[in-house]
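Participant: Fold the following for me, if possible:
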Amino acid sequence: MSTPDPGFIDPSKLKPEPIHNESLPEELLEHVRAVYDVVGPYLDTTREQFEIGFMRDMEPEDEVAV
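Facilitator: Numbering: from 1, shown residues only. Below you'll find the model as predicted:
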C-alpha cells in the first residue's frame, strides 16, 4: 500500500487549529507532562505551549500512548 504524495504546502499558509478542549483530564495531563520532561529540553517551546498543542487536538487521548 503506497502513501499518496501530499504535495507542497507553503509553510506561511499554515495556521494552528482552534482549541477544541478547554481542559484535559488530569491523567492525560500527567502523561503529557511526563513526555515533556523527556523531550522538552530539545524543543523550542514551554510546557504550557506543549499542553496547548494537545488541547487543539480533537481526540488528545489518542496522541499520548501509555
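Participant: Helices of this structure, start to end?
Facilitator: 26-39, 47-55 (DSSP state H).
Participant: Compare these and give me the one nearest Glu61.
Facilitator: The closest of those to Glu61 is helix 26-39. By CB to CB, the value is 6.0 Å. In this view, the C-beta of every residue, glycine as well, is placed from N, C-alpha and C.
Participant: Would you format the helices of the chain as JSON lines with mean pLDDT and distance to Lys13 included?
Facilitator: Supplementary listing: those in JSON lines, determined by pLDDT from 0 to 100; distance: least, CB to CB, whole Å:
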{"stretch": "helix 26-39", "mean pLDDT": "95", "distance to Lys13": "27"}
{"stretch": "helix 47-55", "mean pLDDT": "94", "distance to Lys13": "19"}
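Participant: quick one, which of those helices is nearest to Leu14?
Facilitator: Across these, closest to Leu14 is helix 47-55 (CB to CB), at 13.7 Å.
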